[in-house]
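Asks: coordinates only, no sequence provided:
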């Protein structure tokens, strides 16, 4: 392929990315539907060159092992979308900027944990970025193998462009919460390009190489073809890879950045719940035809399966499609590299560089840190991309794309235990997380990373040969088990700090809309906080914070005044959005460490706190008194601490019994003595309930009182000790529930009885329909045999008759046979239509050509009856089955000509809605309204005024109705007695024109064209044999007749010139199989005709495979003559 053309295409594509990013930064957009769709599409940054090129290679080499990389993320978003929403809420409310920031914030703003997570992500990301550059280089060499500027220069150029792009749109300025709308739009655009390119190649493989979906299914179902996809084995590796990909969709730095940092809206998560899995399903389906087609066309040539996406269109000369596929691969690489470099720059600057600067004694008050942070991030972006490019140049092991991708997946999976348990278990500690991640990271490095990067340096993981597991599977489970075990063990044995406990409560509960930390309880001056903000986030955003705080408090900030709690909280949130939560806390501590409080200031803070507590208690009391349930709160000493009025009303306590500090034992004893706790000793009830509350186990049960009242009680332990119980009167609810249960039981019995009756009726109807179908098929076959013989005799008699009377008699016999054949043919066709055994082949049909020919065929009939036949057919194309449409319109025209004695018949077309209507009008007697439904039934005919027109069979419209239903076309009629009728059918328009076919000139027929031809006739019916023999001898042929294969070998000592064989012979022997055996005996491919009354697809397929011309009974002389010419022509073309 032309190298400059590829380069020009790449340049145009990169220019488009810059334009889209620039427009995205200028007009970020809101949070509407379009933004939600963009968010869902940008998640497809997950789909790198591994999923674009490498998945096809994995499918070709390892079969269904390619599927887990799509299955894991899809399951996470379909089944675990509530967890995704929970993580998004935490990230948004705490202004988190990376996966490392998330872990550090969860474990008490632990800087060591954040730094460890950053290092692990960097080790996983550099080989992954190098994987993208390697894919760009190798695919360029496939596309342009002879180009002087090879793939290495292309990889460097792509890396350079991505570096510039990341610097321009990812590190141009500090943004609150690290939002980059331009980058996100570019990722969404690239996601669409990846999907379109892969589907285009898959469609090409499916339609041009595999002969459609049926061909793909045939290849996959036939194990002898040797496709890896033919064997479905879902072993340990399959589920391990599914687990790894499920972890990766959340924990990869780029995925966390896109899903939780750039986007975290509720609407976006809900849209991604269905759109992102749908995207993955389409990609995974596209892999199948490419893999199978590549194995068929390219595997024998030794090509790398990872390159099938490019090699398939190139092998077929489809350079444009190959270029589109290459650009899709470039999009997969660029999106991953840009977002990964951006995410790593944020993590390294926030978790490594800034904490080091702050700890090293740098004065945050005297430096302009917003510019410093930007310069740090720009430098990190450059180092990450250049480091990955260097890794790409130095790595000598040419692992598959899937191998390097799995290496990164196993690495980031080490964050999963701390991440998941940190959301579910408050007892998880920072020490446990650090130890667990470190050990898992070490196992990954020793047993997987080093053996992969430098084979032979260290021993790889045990391959568990007895289990058949590979090193990736073994390393994954060993590292995760060790990681999780140490995490839990160390967490249980270690003591958590107060900050860790506070953060655990915030992350593990459902209310996440709290700030990342409470405002720093040191009263600095306003000017100090504003000065600090200006150094980190700039003057514009500092002014924005001032306006927000003044609007919230209703007071103007004084530079020399004390900083309020609202200002401190807003400042910490702004700093967290710029440098991460850990660094934000360190910045505030460093800036305010010299501030001291006076005794008066401490008293003021305490007074404010006491007033806040009083207000909170009043709000709690008002809330409790306005709920419908009774509520009681017990403190850790098992004394009542709070209650509401509904609680007193439900239990009707006497005045003075319920007071603050009253022992719970007194209240339980009082209720037990009144019988509200059930039968038994009151002291036993007291002891049982006190032990239950001391254990702190939650409970829920219902108690029916002696007066019939049903009370539902639910109790739960409070986090700080104590117990809260709610009481609800559910008497009405229970009564309604019992009534509904009784009604439901009666309804279920009725439904089951009706269902059984319907099932029995359906089974009986199906049996009757099958019996009718089998009977009609057998009857048609058996009746066609004598009719076929009679027709052959009549044809021979007609051709050899000398006298006028004999000719007239022969013509009448032929006419009678035509009538009998028409009845049987129509009945057989109705039977096949009812059984859905009629094939449908939708194609583009030119109505003017097709219907015009039909009109010309009917004109002689119209002239003979003195009727004017007019047509007004537009030159349009429709999408339908050509033969079925012709049969439907032919029935319409035949009926119109038969029932019209004067006037005329018109066939025309017109547009109706979005389709086209073909209508046939006549001036016949018309059809009464009460009979317009009846005429579609079998053997229903209207009287004909002209007896010479011939009486129909009453089956035509029944066939029309069934054919239209099979095609999915609407039909109908309008009629007025005495004025005429109109029958119509609606057809869908075609989107393309039919291919023009060259007309074929009919061959001339001759009465003596078979002179000297020796014909073998093989049929188990002597009458058919005799009729065939008489007819063929009349045409000059020499015939040899046989009733079975042995007799055929006896009468034919050598090969005949032509063989006419019946399909069904005696004892279940099939004619095409007998002919194949005779051909082998004769060592000659004798031309042959297969005669049958069966019209199913299997017979037609058997004739094609045997190289025979198919002819249906009853045999007409003209049809037989044409079949003989066709068979002899096939014999001449055979090698």
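Replies: Now that the structure is in, tell me what you want to look at. Quick caveat: nothing in here was measured; it's all calculated off a predicted structure.
Asks: where does the stretch 801-950 of the chain have low pLDDT?
Replies: The model of the stretch 801-950 of the chain has pLDDT under 70 over residues 801-837, 941, 943-950.
Asks: which element, helix or strand, includes the closest residue to residue 252 other than its chain neighbours?
Replies: Once flanking residues are discounted, residue 252 sits nearest to residue 412: 5.5 Å by CB to CB, 6 or more residues apart in numbering. Where C-beta positions appear, they are placed from N, C-alpha and C, glycine not excepted. Assigned by DSSP states H and E, residue 412 belongs to helix 401-412.
Asks: packing partners of that helix?
Replies: helix 55-62, helix 111-143, helix 236-251, helix 430-444, helix 450-453, helix 471-493 (3 or more CB pairs under 8 Å, 6 or more residues apart in numbering; DSSP states H and E).
Asks: okay, the angle between whatever helix or strand comes next after it and helix 401-412?
Replies: Using DSSP H and E, the helix or strand that directly follows helix 401-412 along the chain is helix 416-424. Between helix 416-424 and helix 401-412, the angle comes out at 50 degrees (axes from the mean of the first three to the mean of the last three CA atoms, to 10 degrees).
Asks: for the stretch 501-650 of the chain, what spans make up the strands?
Replies: Taking DSSP state E, counting those that start in this stretch as the criterion, the stretch 501-650 of the chain carries its strands at 630-634, 640-643.
Asks: want to throw the helices and strands packed on helix 401-412 into CSV with mean pLDDT and mean neighbour count?
Replies: As requested, the helices and strands packed on helix 401-412 are exported to CSV (pLDDT from 0 to 100; neighbours: other CB atoms under 10 Å):
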stretch, mean pLDDT, mean neighbour count
helix 55-62, 90, 25
helix 111-143, 90, 24
helix 236-251, 95, 22
helix 430-444, 96, 23
helix 450-453, 74, 18
helix 471-493, 94, 20
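Asks: returning to that earlier point: among the strands of the stretch 501-650 of the chain, which is nearest residue 216?
Replies: strand 630-634 (63.5 Å; CB to CB).
Asks: now do the SS call for residue 728.
Replies: strand (DSSP: H, G, I helix; E, B strand; the rest coil).
Asks: contacting residues for it?
Replies: 628, 629, 630, 711, 712 (CB atoms under 8 Å, 6 or more residues apart in numbering).
Asks: now do 6 Å
Replies: By CB atoms under 6 Å, 6 or more residues apart in numbering, the contact list for residue 728 reads 629, 712.
Asks: that one bridge partners, please.
Replies: residue 712 (DSSP bridges).
Asks: counting neighbours, what do you get for residue 355?
Replies: 22 (other CB atoms under 10 Å).
Asks: hang on, isn't it packed against residue 113?
Replies: No: counting by CB atoms under 6 Å, residue 355 sits too far from residue 113 to count as a contact (11.9 Å).
Asks: circling back to that earlier point, isn't the residue nearest to residue 252 right up against residue 253?
Replies: No: taking contacts as CB under 6 Å, residue 412 lies outside contact range of residue 253: 7.9 Å.
Asks: under a three-state scheme, what state does residue 985 occupy?
Replies: What three-state DSSP gives for residue 985 is strand.
Asks: dihedrals phi and psi, the closest residue to it other than its chain neighbours?
Replies: Once flanking residues are discounted, residue 985 sits nearest to residue 971: 4.8 Å by CB to CB, 6+ apart. In terms of degrees, to the nearest 10, the main-chain angles of residue 971 are phi -130, psi 170.
Asks: pLDDT wise, what is residue 971 at?
Replies: At residue 971, the model reports a pLDDT of 93.
Asks: mind checking how far it is from residue 983?
Replies: 7 Å (CB to CB, to the nearest Å).
Asks: please apply the same query to residue 248.
Replies: Residue 248 is 63 Å from residue 983, where distance means CB to CB.
Asks: how about residue 572?
Replies: According to CB to CB, residue 572 and residue 983 sit 80 Å apart.
Asks: and those two? Which one has more around it.
Replies: Between residue 572 and residue 983, counted using other CB under 10 Å, the more crowded position is residue 983 (26 against 23).
Asks: cross-check the contact I'm expecting between the more buried one and residue 920.
Replies: Yes: Residue 983 is in contact with residue 920 according to CB under 6 Å; the separation is 5.2 Å.
Asks: so for these two, which residues contact both of them?
Replies: residue 892.
Asks: quick one, what contacts residue 268?
Replies: Contacts of residue 268 by CB under 6 Å, 6+ apart are 36, 39.
Asks: quick check, pLDDT for it.
Replies: Per the predicted model, pLDDT is 82 at residue 268.
Asks: tilt between the helix or strand where it lies and helix 55-62?
Replies: In this assignment (DSSP H and E), residue 268 forms part of helix 266-297. Helix 266-297 and helix 55-62 are oriented at 50 degrees to each other (the same axes, to 10 degrees).
Asks: for the helix or strand that helix 266-297 is followed by, name the packing helices and strands.
Replies: Following helix 266-297 in sequence order, the next helix or strand is helix 308-315 (DSSP H and E). When contacts are defined as 3 or more CB pairs under 6 Å, 6 or more residues apart in numbering; DSSP states H and E, helix 308-315 sits against helix 266-297, helix 319-348.
Asks: got these as TSV, with distance to residue 925 columns?
Replies: What follows is the helices and strands packed on helix 308-315, written out as TSV (distance: least, CB to CB, whole Å):
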stretch	distance to residue 925
helix 266-297	57
helix 319-348	61
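Asks: looking at the ones you listed, which is closest to residue 929?
Replies: Closest among the helices and strands packed on helix 308-315, using CB to CB: helix 266-297, at 49.9 Å.
Asks: for the record, mean pLDDT for stretch 501-513?
Replies: Average pLDDT, stretch 501-513: 68.
Asks: equivalent analysis for stretch 67-83, please.
Replies: On average, stretch 67-83 scores 94.
Asks: what residues of that stretch count as buried?
Replies: The neighbour-count check on stretch 67-83 (16 or more other CB atoms under 10 Å) flags 67-77, 80-81 as buried.
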